[in-house]
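Asks: Test case, fold it:
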Amino acid sequence: MKCVSVLAVLSSLFALSLRGDTIELKTGERVEGTFKQATAAGAVIEVGGQPITIPLEKVKAIYFGAAPTRTVTAPAPSEEAMDALRALRSVTGGGIAYRDYAQRVLDTRVKVDRYLSSSSATDGAEARRAIRVAMLEYELASLGWLAGTSPLMNANLWVPMSKILEDPDVQKCPAARAIIYLRDNSKPPPPPGPKLDPTEELGWLFAMRGNAPGTVWPCASQQVAEAERLLAQR
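Replies: Next up is the predicted model:
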């Protein structure tokens with residue numbers, strides 16, 4: 001019996017020597033090796049024959065043997081879209097070059113499209129509408145910015161711009177109404193009626209000389225805030 005007990009102990013010690021222990025840090029990193037001890041100085045783990053002491057305040061967990069598999073949860077499409085829109089709202093509050101802004105708009109459009117095409121209906125129609133309109137208004141600002149700096153691109157810009165300006169929700173933005181209806185900067189927008197000739201509408205926008213982003217961005221920002229409010233109520 002005594003011999004069997006010794007063999008059992010030796011077998012257990014051998015199994016422990018083969019196990020792989022893991023120390024998980026609060027940063028999410030993991031250190032794998034053989035755990036030795038924990039003292040006031042920290043947790044000691046042997047890696048490749050060398051002891052490493054990790055301060056206890058940096059340790060999140062210690063696993064003896066196989067550590068649980070970490071599961072990475074992809075962000076919900078709504079979170080991804082909102083994060084991108086918040087980033088756009090943030091950069092428009094400071095100085096940003098057109099090239100950087102245009103690229104951000106394109107990247108955000110990909111994420112917003114992914115969200116709008118998702119089958120999730122838990123967010124509600126109003127939240128989805130606010131996200132959609134915010135995206136359109138950021139795109140309108142991008143086109144207006146380009147128009148103010150490149151008046152030779154009238155024909156190329158009119159098609160995407162007119163498509164955005166036809167959206168009833170976008171037309172609620174004062175800047176969008178001005179782009180469509182105003183001829184004279186001193187006059188208020190007239191009631192909805194026959195649209196101007198496309199070249200006249202673009203001519204008005206070009207006359208803004210890059211002021212379009214600053215007038216459209218507040219509308220987009222309000223839509224982002226509205227989406228945040230609605231999503232917080234879920």
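
Asks: Could you pull out the buried residues of whichever helix in the chain runs longest?
Replies: If you go by DSSP state H, the chain has its longest helix at helix 125-149. Under the neighbour-count criterion of 16 or more other Cβ atoms under 10 Å, helix 125-149 has 127-148 buried. For glycine as for every other residue, the C-beta is placed from the backbone atoms N, C-alpha and C.

Asks: Show me what it is packed against.
Replies: helix 77-91, helix 98-116, helix 154-165, helix 174-181, helix 198-207, helix 212-232 (3 or more Cβ pairs under 8 Å, 6 or more residues apart in numbering; DSSP states H and E).

Asks: List the buried residues for the second one?
Replies: Translated: helix 98-116. 101-102, 104-105, 108-109, 111-112, 115.

Asks: Ile62 falls within a strand, correct?
Replies: Yes. Remark: Ile62 belongs to a strand, assigned using DSSP: H, G, I helix; E, B strand; the rest coil.

Asks: Check which helices and strands the longest strand that the chain contains sits against.
Replies: Ranked by residue count under DSSP state E, the longest strand found in the chain is strand 30-39. With contacts taken as 3+ Cβ pairs under 8 Å, 6+ apart, strand 30-39 sits against strand 21-25, strand 42-47, strand 50-54.

Asks: And these: which comes nearest Glu226?
Replies: In terms of Cβ to Cβ, the element of those nearest to Glu226 is strand 21-25, at 39.7 Å.

Asks: could you give the mean pLDDT of that closest one?
Replies: Averaging pLDDT along strand 21-25 yields 87.

Asks: got the angle for the longest helix of the chain vs helix 212-232?
Replies: 170 degrees (axes from the mean of the first three to the mean of the last three Cα atoms, to 10 degrees).

Asks: rewinding a little: got TSV for the buried residues of helix 98-116, with pLDDT and distance to Ala81 too?
Replies: Below are the buried residues of helix 98-116 laid out as TSV (pLDDT from 0 to 100; distance: Cβ to Cβ, whole Å):
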residue	pLDDT	distance to Ala81
Tyr101	91	18
Ala102	91	18
Arg104	93	13
Val105	94	13
Thr108	94	8
Arg109	95	10
Lys111	92	5
Val112	94	5
Tyr115	91	4
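
Asks: Among these, find me the one that's closest to Gln37.
Replies: Closest to Gln37, out of all of the buried residues of helix 98-116 and judged by Cβ to Cβ, is Lys111, at 47.8 Å.

Asks: from memory that closest one sits against Ala81, does it?
Replies: Yes. The criterion here is Cβ atoms under 8 Å, and Lys111 meets it with Ala81 at 4.9 Å.

Asks: picking up where we left off before, among the helices and strands packed on helix 125-149, which is the most enclosed?
Replies: Sort the helices and strands packed on helix 125-149 by mean neighbour count, taking mean count of other Cβ atoms under 10 Å, and helix 174-181 sits at the top with a mean of 21.

Asks: mean confidence score for it?
Replies: Rounded mean pLDDT across helix 174-181 is 72.

Asks: what's the answer for stretch 36-56, then?
Replies: 86.

Asks: which residue packs closest to Val105, ignoring adjacent ones?
Replies: Distances taken as Cβ to Cβ, 6 or more residues apart in numbering place Ser142 nearest to Val105, at 4.8 Å, with adjacent residues excluded.

Asks: Provide a list of residues in contact with that neighbour.
Replies: 98, 101-102, 105, 213 (Cβ atoms under 8 Å, 6 or more residues apart in numbering).

Asks: What is the burial count for Asp167?
Replies: 16 (other Cβ atoms under 10 Å).

Asks: For the nearest residue to it once chain neighbours are set aside, give me its contacts.
Replies: Excluding its sequence neighbours, the residue lying closest to Asp167 (Cβ to Cβ, 6+ apart) is Leu136, at 5.9 Å. Neighbour list for Leu136: 164, 167, 169-170 [criterion: Cβ under 8 Å, 6+ apart].
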